[in-house]
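S.K.: Quick one, what's the 3D model for this:
(one chain, ligands or ions: 1)
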Amino acid sequence: MSQSEAERFGARFDVSRETLERLEAYESLLAKWNPAINLVSKSTLADTWARHFLDSAQLFDLAPIEARSWADLGAGGGFPGLVIAVMSLEKTPEREVVLVESDLRKSAFLSTVSRELGLKTRILAKRIEELDPLGVEILSARALAPLSQLLEFAERHLRPDGTALFPKGARWQEELAQARESWSFDCEASPSLSDPNSVVLKINGAKRV
Ligand SMILES: C[S@@+](CC[C@H](N)C(=O)[O-])C[C@H]1O[C@@H](n2cnc3c(N)ncnc32)[C@H](O)[C@@H]1O
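M.R.: Below is the predicted model of the structure:
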């Protein structure tokens with residue numbers, strides 16, 4: 001862990017020392033478990049704050065602070081869901097973050113971090129397609145599926161007035177055009193803080209056309 005990275009993160013997102021200590025504990029657990037279960041690619045592990053924490057935390061500010069329910073689909077090693085849960089504990093403590101991850105070893109990791117950090121989460125070790133509708137206010141998914149598929153998940157799991165937040169890479173415009181063939185929706189694309197070619201798509205009011 002680089003102290004200056006944590007400090008920069010703290011200043012950028014205006015979070016307390018306690019929140020930074022929780023993220024440091026998360027970083028240690030990630031480094032400990034990663035060789036066995038490959039939660040993130042080895043090449044990004046040395047740069048967890050920029051590649052994973054910052055990239056996840058940017059979604060926090062795009063969601064209404066009053067939202068009480070958030071689900072992160074295909075959470076993997078906890079990005080963005082666990083970072084959102086850490087920030088929520090300080091800033092909106094009544095919020096519950098549901099983490100959906102079908103891989104049992106990864107979901108065991110999510111449960112361990114969550115318990116050790118005292119987070120308000122619910123870990124669902126199931127396939128997204130097998131879940132009863134979650135009815136959440138905010139839905140996120142990073143590196144899970146093309147936008148059209150994510151909108152199908154949102155149709156089932158997001159409240160009609162809810163907001164979907166999907167980080168997307170360099171081909172985001174192509175995915176957006178393809179999704180518009182089957183869906184109508186409002187979409188704002190915010191430039192990513194972690195990669196100049198990437199964006200976070202904020203989607204509301206998705207309906208099949
Ligand atoms: C490429 S990883 C991304 C993980 C994390 N969101 C990230 O950005 O680091 C996709 C994750 O989604 C999980 N996954 C894929 N399809 C799923 C499904 N249908 N239901 C639940 N989890 C799924 C995989 O096990 C994997 O951990």
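S.K.: quick one: Ala75 and Val113 touch, right?
M.R.: No - counting by CB atoms under 8 Å, Ala75 stays clear of Val113, with 10.7 Å between them. To be clear about C-beta, it is placed using only N, CA and C from the backbone, and glycine gets the same treatment.
S.K.: dump the residue contacts of the residue lying farthest from the centre of the chain.
M.R.: What lies farthest from the middle of the chain is Val209; by CA atoms, centre = their mean that is 27.5 Å. Residues in contact with Val209, defined by CB atoms under 8 Å, 6 or more residues apart in numbering, are 181-184.
S.K.: Contact partners for Pro167?
M.R.: 55, 58-59, 80, 142-143, 192, 198-201.
S.K.: same thing with Gly10?
M.R.: Counted by CB under 8 Å, 6+ apart, Gly10 has contacts 16-17, 19-20.
S.K.: Columns neighbour count and secondary structure on top of those residues, output as a markdown table?
M.R.: Output for the contacts of Gly10, formatted as a markdown table (neighbours: other CB atoms under 10 Å; DSSP: H, G, I helix; E, B strand; the rest coil):
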| residue | neighbour count | secondary structure |
| --- | --- | --- |
| Ser16 | 11 | coil |
| Arg17 | 10 | helix |
| Thr19 | 21 | helix |
| Leu20 | 20 | helix |
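S.K.: Contacts for stretch 24-43 next, please.
M.R.: 1, 6, 45, 48-49, 51-53, 76-79, 82-83, 86, 105-106, 109, 112-113, 116-117.
S.K.: please redo it, this time with the cut-off set to 6 Å
M.R.: 1, 45, 48, 77, 105, 109, 113 (CB atoms under 6 Å, 6 or more residues apart in numbering).
S.K.: for stretch 119-129, same thing?
M.R.: Contacts of stretch 119-129 (CB under 6 Å, 6+ apart): 73, 85, 89, 96-100, 102, 104, 107, 110-111, 114, 153.
S.K.: Of those, which belong to helices?
M.R.: Mapping the contacts of stretch 119-129 onto helices (DSSP state H) picks out 85, 89, 104, 107, 110-111, 114, 153.
S.K.: Filter these down to the buried ones.
M.R.: The neighbour count (16 or more other CB atoms under 10 Å) marks 85, 89, 107, 110, 114, 153 as buried among the ones in helices among the contacts of stretch 119-129.
S.K.: just to revisit the earlier point, nearest to Ala63, of the contacts of Val209?
M.R.: Minimum distance to Ala63 across the contacts of Val209 is 20.6 Å, recorded for Trp183 (CB to CB).
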